[in-house]
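A.B. asks: With the input below, show me the fold.
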Amino acid sequence: MAVGANTYGTVAGVERLIGDIVASRTFGSGTSPTLTQCEAQLDAIAADLNRELEVVGYTVPVATADATAKAFLAEANNQGAAATLLGSMPRVAVNPDDPEAADNRANMLYRQYQHAIKMIREQRLAAGRATGRFARVFAGGQQNSDGETNLPLFTRDLHDYPGLRSLTE
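C.D. replies: This next block holds a predicted model:
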């Protein structure tokens, strides 16, 4: 299995963050977590990031031309996958001398991942916006980040146009 096309992070990025939990610092078929588990977790976290991006109107996946946003998402993808992989292991397996340190490390990585989700929800990424069916603009107004529709200041009836006279006048 390989990392999917819509995934921002890399196995090497996860190994940089938590590679010390395996003897060789690289994930393989005989390590815990395995290379396959790492790749699957990267894909799962990327799917979560892409869902968040799509909901607020970004083009998914973020284009290579948006290098800053893509690098930000790659690190968030790595952090989310690393936090989940650390959380799936027994604490004593991560650090036999201080099992609580494993929780702190996983929580730190997870908090950094959640910060990235918050940045996406606040639409603070310099990335392309979606058009068409994924755009968040509707005829009645534009939706804000809470999903509420902001009504336009001026409205016009469907059959109202300049110069129209009604029969009741």
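A.B. asks: contacts for the lengthiest helix in the chain?
C.D. replies: With residue count as the measure and DSSP state H as the assignment, the chain has helix 99-121 as its longest helix. Under the contact criterion CB atoms under 8 Å, 6 or more residues apart in numbering, helix 99-121 has outside partners 17-18, 45, 48-49, 52-53, 56, 58, 72-73, 75-76, 79-80, 82-84, 86-87, 89, 91-92, 94-95, 125, 145. Backbone N, C-alpha and C define where each C-beta goes, glycine included.
A.B. asks: Quick one: buried ones out of the residues you listed?
C.D. replies: Neighbour-count burial within those applies to 17-18, 45, 49, 52-53, 56, 58, 72-73, 75-76, 79-80, 82-84, 86-87, 91, 94-95, 125; the criterion is 16 or more other CB atoms under 10 Å.
A.B. asks: orientation of the helix or strand Glu75 falls within relative to helix 99-121 in degrees?
C.D. replies: Secondary structure assignment for Glu75, by DSSP states H and E: helix 67-87. Orientation note: helix 67-87 sits at an angle of 150 degrees relative to helix 99-121 (axes from the mean of the first three to the mean of the last three CA atoms, to 10 degrees).
A.B. asks: got the CA positions of helix 67-87 in CSV?
C.D. replies: The C-alpha coordinates for helix 67-87 follow below in CSV (Å, rounded to 0.1, in the frame of the first residue of the first chain):
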residue,chain,number,x,y,z
ALA,A,67,3.1,25.9,-1.5
THR,A,68,2.7,27.5,1.9
ALA,A,69,-0.7,26.0,2.5
LYS,A,70,0.5,22.7,1.2
ALA,A,71,3.5,22.6,3.5
PHE,A,72,1.2,23.6,6.4
LEU,A,73,-1.2,20.8,5.6
ALA,A,74,1.7,18.3,5.2
GLU,A,75,2.9,19.0,8.7
ALA,A,76,-0.6,18.8,10.1
ASN,A,77,-1.1,15.5,8.3
ASN,A,78,2.2,14.2,9.8
GLN,A,79,1.3,15.4,13.3
GLY,A,80,-2.2,13.9,13.2
ALA,A,81,-1.0,10.5,12.0
ALA,A,82,1.9,10.5,14.5
ALA,A,83,-0.5,11.4,17.4
THR,A,84,-2.9,8.6,16.4
LEU,A,85,-0.2,6.0,16.0
LEU,A,86,1.3,7.0,19.4
GLY,A,87,-2.2,6.8,20.9
